[in-house]
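>>> below is the structure, and that's it, no one-letter string:
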Ligand code: HEM
(Lines give C-alpha, C1' and ligand atoms only; values in the text may rest on other atoms or scores of the structure.)
Protein backbone atom coordinates (compact mmCIF):
# COMPACT_ATOMS: atom_id res chain seq x y z
CA UNK A 1 0.00 0.00 0.00
CA UNK A 2 2.92 2.36 0.69
CA UNK A 3 4.25 1.78 -2.81
CA UNK A 4 0.82 2.41 -4.39
CA UNK A 5 0.68 5.72 -2.54
CA UNK A 6 4.28 6.85 -2.97
CA UNK A 7 4.59 5.76 -6.62
CA UNK A 8 1.58 7.78 -7.72
CA UNK A 9 2.01 10.92 -5.67
CA UNK A 10 1.92 13.31 -8.60
CA UNK A 11 -1.70 12.37 -9.30
CA UNK A 12 -2.69 12.89 -5.67
CA UNK A 13 -1.18 16.38 -5.69
CA UNK A 14 -3.78 17.48 -8.23
CA UNK A 15 -6.32 16.78 -5.47
CA UNK A 16 -9.40 16.58 -7.65
CA UNK A 17 -11.77 13.80 -6.55
CA UNK A 18 -8.73 11.64 -5.70
CA UNK A 19 -10.87 8.57 -4.95
CA UNK A 20 -11.85 8.63 -8.64
CA UNK A 21 -8.89 10.23 -10.45
CA UNK A 22 -6.08 8.39 -8.65
CA UNK A 23 -7.82 5.59 -6.87
CA UNK A 24 -4.75 3.39 -6.36
CA UNK A 25 -2.72 6.10 -4.62
CA UNK A 26 -5.70 7.35 -2.61
CA UNK A 27 -6.61 3.82 -1.50
CA UNK A 28 -2.98 3.13 -0.52
CA UNK A 29 -2.93 6.32 1.58
CA UNK A 30 -6.23 5.52 3.30
CA UNK A 31 -5.05 1.99 4.13
CA UNK A 32 -1.89 3.46 5.67
CA UNK A 33 -3.99 5.87 7.75
CA UNK A 34 -6.10 2.97 9.06
CA UNK A 35 -2.97 0.94 9.84
CA UNK A 36 -1.50 3.82 11.86
CA UNK A 37 -4.78 4.39 13.72
CA UNK A 38 -4.85 0.69 14.70
CA UNK A 39 -1.17 0.94 15.74
CA UNK A 40 -1.94 3.81 18.15
CA UNK A 41 -5.15 2.18 19.41
CA UNK A 42 -3.11 -0.92 20.28
CA UNK A 43 -0.60 1.32 22.15
CA UNK A 44 2.14 0.44 19.65
CA UNK A 45 3.77 3.84 20.15
CA UNK A 46 4.36 3.07 23.86
CA UNK A 47 6.85 0.35 22.99
CA UNK A 48 8.13 1.88 19.71
CA UNK A 49 11.26 3.97 19.15
CA UNK A 50 11.63 7.19 21.11
CA UNK A 51 11.28 9.07 17.80
CA UNK A 52 7.85 7.50 17.14
CA UNK A 53 6.76 8.06 20.75
CA UNK A 54 7.98 11.70 20.90
CA UNK A 55 6.21 12.55 17.66
CA UNK A 56 2.95 11.07 18.94
CA UNK A 57 3.35 12.87 22.31
CA UNK A 58 4.07 16.29 20.76
CA UNK A 59 1.13 16.06 18.40
CA UNK A 60 -1.24 14.71 21.03
CA UNK A 61 -0.31 17.45 23.51
CA UNK A 62 -0.88 20.05 20.78
CA UNK A 63 -4.45 18.75 20.41
CA UNK A 64 -4.18 16.77 17.16
CA UNK A 65 -6.79 14.06 16.67
CA UNK A 66 -5.72 10.44 16.32
CA UNK A 67 -6.58 10.52 12.62
CA UNK A 68 -4.53 13.67 12.05
CA UNK A 69 -1.56 12.14 13.85
CA UNK A 70 -1.88 9.06 11.65
CA UNK A 71 -2.00 11.20 8.51
CA UNK A 72 1.07 13.18 9.56
CA UNK A 73 3.04 10.01 10.26
CA UNK A 74 2.56 8.95 6.65
CA UNK A 75 4.35 12.12 5.56
CA UNK A 76 7.21 11.23 7.88
CA UNK A 77 7.35 7.85 6.17
CA UNK A 78 7.66 9.60 2.81
CA UNK A 79 10.55 11.73 4.11
CA UNK A 80 12.38 8.80 5.63
CA UNK A 81 11.82 6.17 2.94
CA UNK A 82 11.29 7.82 -0.43
CA UNK A 83 14.95 8.87 -0.85
CA UNK A 84 16.67 6.21 1.20
CA UNK A 85 15.27 3.17 -0.61
CA UNK A 86 16.11 4.26 -4.19
CA UNK A 87 19.51 5.63 -3.06
CA UNK A 88 20.31 2.23 -1.62
CA UNK A 89 19.10 0.46 -4.76
CA UNK A 90 21.13 2.65 -7.13
CA UNK A 91 24.28 2.48 -5.03
CA UNK A 92 24.08 -1.31 -5.12
CA UNK A 93 23.38 -1.18 -8.85
CA UNK A 94 26.30 1.17 -9.54
CA UNK A 95 28.74 -1.00 -7.59
CA UNK A 96 27.51 -4.45 -8.60
CA UNK A 97 27.46 -3.53 -12.28
CA UNK A 98 31.21 -2.63 -12.11
CA UNK A 99 33.15 -5.81 -11.22
CA UNK A 100 36.45 -3.99 -10.52
CA UNK A 101 34.79 -1.47 -8.24
CA UNK A 102 32.89 -4.27 -6.48
CA UNK A 103 36.11 -6.12 -5.79
CA UNK A 104 37.90 -2.94 -4.56
CA UNK A 105 35.06 -2.15 -2.15
CA UNK A 106 34.87 -5.73 -0.88
CA UNK A 107 38.64 -5.61 -0.16
CA UNK A 108 38.28 -2.21 1.52
CA UNK A 109 35.54 -3.48 3.83
CA UNK A 110 37.39 -6.71 4.61
CA UNK A 111 40.63 -4.94 5.44
CA UNK A 112 39.31 -1.91 7.27
CA UNK A 113 35.89 -2.57 8.78
CA UNK A 114 35.58 -6.28 9.50
CA UNK A 115 36.93 -8.17 12.49
CA UNK A 116 36.70 -11.89 13.24
CA UNK A 117 36.91 -13.20 16.81
CA UNK A 118 38.09 -16.61 18.03
CA UNK A 119 34.60 -18.13 17.65
CA UNK A 120 34.51 -17.04 14.00
CA UNK A 121 31.91 -14.32 14.61
CA UNK A 122 32.27 -11.58 11.97
CA UNK A 123 31.72 -8.03 13.21
CA UNK A 124 31.26 -5.07 10.91
CA UNK A 125 32.10 -1.76 12.59
CA UNK A 126 29.99 1.05 11.15
CA UNK A 127 32.44 3.65 12.47
CA UNK A 128 35.12 2.05 10.29
CA UNK A 129 32.80 2.14 7.28
CA UNK A 130 32.55 5.86 7.99
CA UNK A 131 36.23 6.55 8.52
CA UNK A 132 38.16 3.86 6.67
CA UNK A 133 36.19 2.97 3.53
CA UNK A 134 36.71 6.00 1.28
CA UNK A 135 35.87 4.25 -1.98
CA UNK A 136 32.48 3.12 -0.65
CA UNK A 137 31.69 6.60 0.71
CA UNK A 138 32.86 8.27 -2.49
CA UNK A 139 30.80 5.86 -4.63
CA UNK A 140 27.72 6.68 -2.56
CA UNK A 141 28.15 10.40 -3.17
CA UNK A 142 28.83 9.75 -6.86
CA UNK A 143 25.60 7.76 -7.11
CA UNK A 144 23.75 10.67 -5.51
CA UNK A 145 25.53 13.20 -7.74
CA UNK A 146 24.86 11.41 -11.02
CA UNK A 147 21.35 10.18 -10.31
CA UNK A 148 19.66 12.88 -8.24
CA UNK A 149 16.62 14.33 -9.90
CA UNK A 150 15.69 16.70 -7.10
CA UNK A 151 14.69 20.28 -7.58
CA UNK A 152 15.06 22.62 -4.62
CA UNK A 153 12.22 25.10 -4.38
CA UNK A 154 12.74 28.60 -2.94
CA UNK A 155 10.51 31.67 -2.77
CA UNK A 156 12.22 34.92 -3.79
CA UNK A 157 11.64 37.52 -1.07
CA UNK A 158 13.34 40.46 -2.75
CA UNK A 159 14.44 41.31 -6.28
CA UNK A 160 17.82 39.63 -6.71
CA UNK A 161 20.21 40.18 -9.59
CA UNK A 162 22.53 37.30 -10.37
CA UNK A 163 25.83 37.86 -12.15
CA UNK A 164 24.56 41.33 -13.20
CA UNK A 165 22.41 39.49 -15.68
CA UNK A 166 19.57 37.44 -14.22
CA UNK A 167 16.80 39.17 -12.31
CA UNK A 168 14.83 37.01 -9.91
CA UNK A 169 11.65 38.94 -9.14
CA UNK A 170 10.37 39.15 -5.58
CA UNK A 171 7.34 36.92 -5.04
CA UNK A 172 8.31 34.40 -7.70
CA UNK A 173 9.16 30.76 -7.06
CA UNK A 174 12.52 29.38 -8.03
CA UNK A 175 13.17 25.75 -8.85
CA UNK A 176 16.87 24.86 -8.70
CA UNK A 177 17.46 21.67 -10.69
CA UNK A 178 19.96 19.23 -9.21
CA UNK A 179 20.60 17.25 -12.43
CA UNK A 180 22.12 20.21 -14.30
CA UNK A 181 24.04 21.65 -11.32
CA UNK A 182 25.34 18.25 -10.24
CA UNK A 183 26.75 17.59 -13.71
CA UNK A 184 28.01 21.08 -14.47
CA UNK A 185 31.29 20.82 -16.42
CA UNK A 186 32.68 24.02 -14.95
CA UNK A 187 32.49 22.51 -11.45
CA UNK A 188 33.15 18.85 -12.10
CA UNK A 189 35.27 18.85 -15.25
CA UNK A 190 34.71 17.41 -18.71
CA UNK A 191 33.86 13.97 -17.27
CA UNK A 192 31.03 15.44 -15.15
CA UNK A 193 28.50 13.06 -16.73
CA UNK A 194 30.55 9.93 -15.93
CA UNK A 195 30.49 7.82 -12.78
CA UNK A 196 33.92 8.14 -11.14
CA UNK A 197 34.04 6.10 -7.94
CA UNK A 198 37.10 8.07 -6.72
CA UNK A 199 35.76 11.54 -7.47
CA UNK A 200 34.96 12.40 -3.86
CA UNK A 201 38.10 10.84 -2.40
CA UNK A 202 40.11 13.15 -4.68
CA UNK A 203 38.07 16.14 -3.56
CA UNK A 204 38.74 15.33 0.08
CA UNK A 205 42.36 16.21 -0.63
CA UNK A 206 41.68 19.38 -2.55
CA UNK A 207 41.62 22.88 -1.17
CA UNK A 208 38.66 23.96 -3.31
CA UNK A 209 36.22 21.63 -1.52
CA UNK A 210 33.82 24.55 -1.10
CA UNK A 211 33.44 25.20 -4.81
CA UNK A 212 32.50 21.54 -5.29
CA UNK A 213 30.01 21.86 -2.45
CA UNK A 214 28.23 24.56 -4.42
CA UNK A 215 27.87 22.08 -7.27
CA UNK A 216 26.30 19.23 -5.31
CA UNK A 217 22.59 19.49 -4.70
CA UNK A 218 21.66 15.92 -3.84
CA UNK A 219 21.20 16.75 -0.15
CA UNK A 220 19.78 20.19 -0.93
CA UNK A 221 21.41 23.47 -0.04
CA UNK A 222 21.74 25.78 2.89
CA UNK A 223 19.75 26.61 4.97
CA UNK A 224 17.55 23.56 4.30
CA UNK A 225 20.18 20.89 3.83
CA UNK A 226 18.82 17.40 4.46
CA UNK A 227 18.64 16.99 8.21
CA UNK A 228 18.80 13.20 7.92
CA UNK A 229 21.87 12.96 5.68
CA UNK A 230 24.26 11.38 8.17
CA UNK A 231 21.61 9.00 9.47
CA UNK A 232 20.66 8.04 5.89
CA UNK A 233 24.30 7.60 4.85
CA UNK A 234 24.92 5.37 7.86
CA UNK A 235 21.97 3.06 7.27
CA UNK A 236 22.56 2.81 3.52
CA UNK A 237 26.30 2.12 3.76
CA UNK A 238 25.81 -0.44 6.53
CA UNK A 239 23.24 -2.40 4.51
CA UNK A 240 25.21 -2.12 1.27
CA UNK A 241 28.47 -3.18 2.96
CA UNK A 242 26.85 -6.26 4.52
CA UNK A 243 25.22 -7.31 1.24
CA UNK A 244 28.41 -6.81 -0.75
CA UNK A 245 30.66 -8.85 1.52
CA UNK A 246 28.28 -11.65 2.46
CA UNK A 247 26.51 -12.41 -0.82
CA UNK A 248 27.20 -13.06 -4.49
CA UNK A 249 24.52 -11.00 -6.18
CA UNK A 250 23.77 -11.50 -9.86
CA UNK A 251 21.01 -10.26 -12.15
CA UNK A 252 18.52 -12.94 -13.17
CA UNK A 253 18.29 -11.54 -16.68
CA UNK A 254 22.07 -11.99 -17.09
CA UNK A 255 23.19 -8.37 -17.37
CA UNK A 256 23.04 -5.18 -15.34
CA UNK A 257 20.70 -3.36 -17.72
CA UNK A 258 19.26 -0.29 -16.01
CA UNK A 259 15.55 -0.55 -15.26
CA UNK A 260 13.25 2.30 -16.27
CA UNK A 261 12.56 4.83 -13.55
CA UNK A 262 9.26 5.94 -12.08
CA UNK A 263 8.79 9.66 -12.74
CA UNK A 264 5.50 9.71 -10.82
CA UNK A 265 7.25 9.15 -7.45
CA UNK A 266 7.78 12.88 -7.11
CA UNK A 267 8.89 12.84 -3.46
CA UNK A 268 11.97 10.81 -4.36
CA UNK A 269 15.03 12.82 -5.29
CA UNK A 270 16.54 9.70 -6.86
CA UNK A 271 13.77 8.19 -8.98
CA UNK A 272 12.98 4.60 -7.95
CA UNK A 273 12.96 1.77 -10.48
CA UNK A 274 9.60 1.52 -12.22
CA UNK A 275 9.80 -2.25 -12.36
CA UNK A 276 11.26 -5.03 -10.23
CA UNK A 277 14.92 -5.78 -10.90
CA UNK A 278 15.32 -9.46 -10.06
CA UNK A 279 18.62 -10.80 -8.72
CA UNK A 280 19.89 -13.94 -7.04
CA UNK A 281 21.74 -13.44 -3.76
CA UNK A 282 23.75 -16.48 -2.71
CA UNK A 283 25.58 -16.51 0.60
CA UNK A 284 29.32 -16.94 0.05
CA UNK A 285 30.31 -20.54 0.94
CA UNK A 286 33.07 -19.37 3.31
CA UNK A 287 30.46 -17.61 5.50
CA UNK A 288 27.96 -20.50 5.76
CA UNK A 289 26.84 -20.99 9.36
CA UNK A 290 28.88 -18.07 10.72
CA UNK A 291 27.40 -15.41 12.97
CA UNK A 292 27.46 -11.77 11.81
CA UNK A 293 27.19 -8.71 14.01
CA UNK A 294 27.34 -4.99 13.56
CA UNK A 295 28.76 -2.52 16.02
CA UNK A 296 29.51 1.21 16.13
CA UNK A 297 32.64 2.35 17.90
CA UNK A 298 31.76 5.76 19.39
CA UNK A 299 33.17 8.58 17.30
CA UNK A 300 32.16 11.86 15.82
CA UNK A 301 29.12 10.30 14.17
CA UNK A 302 29.15 12.34 10.99
CA UNK A 303 30.36 11.50 7.50
CA UNK A 304 32.69 13.59 5.38
CA UNK A 305 29.91 14.47 2.95
CA UNK A 306 30.02 17.25 0.41
CA UNK A 307 26.85 19.31 0.78
CA UNK A 308 25.34 22.28 -1.03
CA UNK A 309 26.60 25.28 0.90
CA UNK A 310 26.11 28.55 -0.81
CA UNK A 311 22.78 29.42 -2.39
CA UNK A 312 24.20 32.41 -4.30
CA UNK A 313 26.88 30.30 -5.95
CA UNK A 314 24.21 27.77 -6.84
CA UNK A 315 21.92 30.41 -8.27
CA UNK A 316 24.74 31.88 -10.36
CA UNK A 317 25.35 28.44 -11.78
CA UNK A 318 21.65 28.09 -12.59
CA UNK A 319 21.88 31.40 -14.47
CA UNK A 320 24.84 30.16 -16.47
CA UNK A 321 23.03 26.91 -17.26
CA UNK A 322 19.99 28.87 -18.48
CA UNK A 323 22.22 31.06 -20.63
CA UNK A 324 23.70 27.97 -22.29
CA UNK A 325 20.16 26.71 -22.85
C1 LIG B 1 19.78 9.24 0.73
C2 LIG B 1 18.70 9.64 1.37
C3 LIG B 1 18.24 11.07 1.37
C4 LIG B 1 18.38 12.02 0.40
C5 LIG B 1 19.05 11.90 -0.97
C6 LIG B 1 17.73 13.22 0.91
C7 LIG B 1 17.64 14.41 0.21
C8 LIG B 1 17.03 15.56 0.69
C9 LIG B 1 16.84 16.77 -0.08
C10 LIG B 1 17.26 16.97 -1.53
C11 LIG B 1 16.22 17.67 0.73
C12 LIG B 1 15.75 19.08 0.35
C13 LIG B 1 16.74 20.12 0.81
C14 LIG B 1 16.48 21.50 0.25
O15 LIG B 1 15.32 21.88 0.01
O16 LIG B 1 17.46 22.23 0.03
C17 LIG B 1 16.02 17.03 2.02
C18 LIG B 1 15.45 17.64 3.12
C19 LIG B 1 15.23 17.02 4.32
N20 LIG B 1 15.52 15.71 4.65
FE21 LIG B 1 16.44 14.36 3.45
N22 LIG B 1 17.23 12.98 2.16
C23 LIG B 1 17.50 11.66 2.48
C24 LIG B 1 17.15 11.00 3.66
C25 LIG B 1 16.55 11.58 4.75
C26 LIG B 1 16.20 10.89 5.98
C27 LIG B 1 16.42 9.41 6.24
C28 LIG B 1 15.64 11.83 6.81
C29 LIG B 1 15.10 11.67 8.22
C30 LIG B 1 15.50 10.74 9.05
C31 LIG B 1 15.65 13.10 6.11
C32 LIG B 1 15.20 14.29 6.64
C33 LIG B 1 15.13 15.48 5.95
C34 LIG B 1 14.56 16.72 6.49
C35 LIG B 1 13.98 16.90 7.90
C36 LIG B 1 14.64 17.68 5.48
C37 LIG B 1 14.15 19.14 5.54
C38 LIG B 1 15.30 20.06 5.94
C39 LIG B 1 14.87 21.52 6.00
O40 LIG B 1 13.92 21.91 5.32
O41 LIG B 1 15.54 22.29 6.72
N42 LIG B 1 16.21 12.92 4.87
N43 LIG B 1 16.52 15.74 1.97
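Looks like it came in fine. If you're wondering where the values come from, they're calculated on a predicted model, not measured in any experiment.

>>> so residue 290 sits in a strand?
No - the assignment for residue 290, made by DSSP: H, G, I helix; E, B strand; the rest coil, is coil rather than a strand.

>>> mind checking how far it is from the ligand?
Distance, residue 290 to the ligand, by C-beta to the nearest ligand atom, to the nearest Å: 30 Å. (Each C-beta comes from the backbone N, C-alpha and C, glycine too.)

>>> residue contacts, that residue?
120-122 (C-beta atoms under 8 Å, 6 or more residues apart in numbering).

>>> looking at those, state which has the most neighbours.
Among the contacts of residue 290, residue 122 has the most neighbours (other C-beta atoms under 10 Å), with 18 neighbours.

>>> what distance do you get for that one to residue 129?
Applying C-beta to C-beta, to the nearest Å, the value for residue 122 to residue 129 is 14 Å.

>>> any regions of the chain where pLDDT drops low?
204-211, 300-301, 308-325 (pLDDT under 70).

>>> chain center to the longest helix seen in it: distance?
When the chain is parsed with DSSP state H, its longest helix is helix 66-96. Remark: helix 66-96 is offset 8 Å from the chain centroid, using C-alpha atoms, centre = their mean, to the nearest Å.

>>> what helices or strands is it leaning on?
Judged by 3 or more C-beta pairs under 8 Å, 6 or more residues apart in numbering; DSSP states H and E, the packing partners of helix 66-96 are helix 2-6, helix 23-41, helix 50-61, helix 99-113, helix 134-147, helix 229-246.

>>> hmm, that helix in reach of the ligand?
Yes - against the ligand, helix 66-96 shows contacts by C-beta under 6 Å from any ligand atom at 79-80, 83-84, 87.

>>> for this protein, what lies in contact range of the ligand?
Residues of the chain lying near the ligand (C-beta under 6 Å from any ligand atom): 79-80, 83-84, 87, 144, 150, 152, 218-221, 224, 226-228, 231-232, 269.

>>> among those residues, which ones are buried?
83-84, 87, 144, 150, 152, 218-221, 226, 232, 269 (16 or more other C-beta atoms under 10 Å).

>>> for residue 119, which three-state class applies?
coil.

>>> now it. Nearest residue, chain neighbours left out?
Distances taken as C-beta to C-beta, 6 or more residues apart in numbering place residue 291 nearest to residue 119, at 7.7 Å, with adjacent residues excluded.

>>> residues of the strand or helix carrying residue 175 that come out buried?
Assessed by DSSP states H and E, residue 175 sits inside strand 173-177. Buried residues in strand 173-177, counted by 16+ other C-beta under 10 Å: 174, 176.

>>> tell me the helix or strand right after that strand.
Downstream of strand 173-177 (by DSSP H and E), the next one is helix 178-182.

>>> what's the spacing between that following helix and its chain's center?
Worked out by C-alpha atoms, centre = their mean, helix 178-182 lies 16 Å from the chain centre.

>>> same check on stretch 221-233?
Counting by C-alpha atoms, centre = their mean, stretch 221-233 is centred 10 Å from the centre of its parent chain.

>>> ok, stretch 286-306 next?
Centre-to-centre, stretch 286-306 and its host chain are 19 Å apart (C-alpha atoms, centre = their mean).

>>> tell me the buried residues in it?
By neighbour count with 16+ other C-beta under 10 Å, stretch 286-306 contains the buried residues 303-306.

>>> now, which of those residues sits nearest the ligand?
Closest approach to the ligand among those (C-beta to the nearest ligand atom): residue 305, at 10.3 Å.

>>> so the closest one makes contact with residue 141?
Yes - using C-beta atoms under 8 Å, residue 305 is in contact with residue 141, at 6.6 Å.

>>> any idea how far the ligand is from the residue nearest to residue 19 when sequence neighbours are not counted?
Spatial nearest neighbour of residue 19, chain neighbours left out: residue 26 (5.1 Å); criterion: C-beta to C-beta, 6+ apart. Distance from residue 26 to the ligand, counting by C-beta to the nearest ligand atom: 25 Å.
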